[in-house]
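[1] show me how the following folds:
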Amino acid sequence: MTEAKVITVRDLAARHKMEPRRLRVILRSAGMRAKDGRYEWKDGDVFLKKVPDLIKQYEAGEAEKKSKTAKK
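    Residues are numbered from 1 along each chain as shown. Below you'll find the predicted structure:
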């Protein structure tokens with residue numbers, strides 16, 4: 001039996017073409033916390049399918065904040 005590959009925040013950030021630091025900010029804003037000091041998941045984890053939506057939600061919120069501050 002082979003063990004499932006472990007996906008790190010670095011791997012996940014590369015998939016979404018962003019810096020790992022930015023992805024950690026997005027994950028924390030969604031209420032996610034690192035387990036034992038690490039963000040990692042087994043390949044095929046259901047959470048990995050949610051990440052693109054979390055990124056879109058975060059970026060939409062950031063764009064809204066910028067538009068509000070630009071109007072002031």
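
[2] contact partners for the closest residue to Ile26 other than its chain neighbours?
    Closest residue to Ile26 apart from its sequence neighbours, by C-beta to C-beta, 6 or more residues apart in numbering: Tyr58 at 4.5 Å. Just so you know, the C-beta spots here come from the backbone N, C-alpha and C atoms, and that holds for glycine as well. Contact analysis of Tyr58 by C-beta atoms under 8 Å, 6 or more residues apart in numbering lists 25-26, 29-30.

[3] of the residues you listed, buried ones?
    Ile26 (16 or more other C-beta atoms under 10 Å).

[4] just the closest of the contacts of Tyr58 to His16, please.
    Ile26 (9.3 Å; C-beta to C-beta).

[5] can you confirm the closest one is in a helix?
    Yes. Assessed with DSSP: H, G, I helix; E, B strand; the rest coil, Ile26 lies in a helix.

[6] next one, pLDDT for it please.
    The model reports Ile26 with a pLDDT of 96.

[7] look up how far Lys5 lies from it.
    22 Å (C-beta to C-beta, to the nearest Å).
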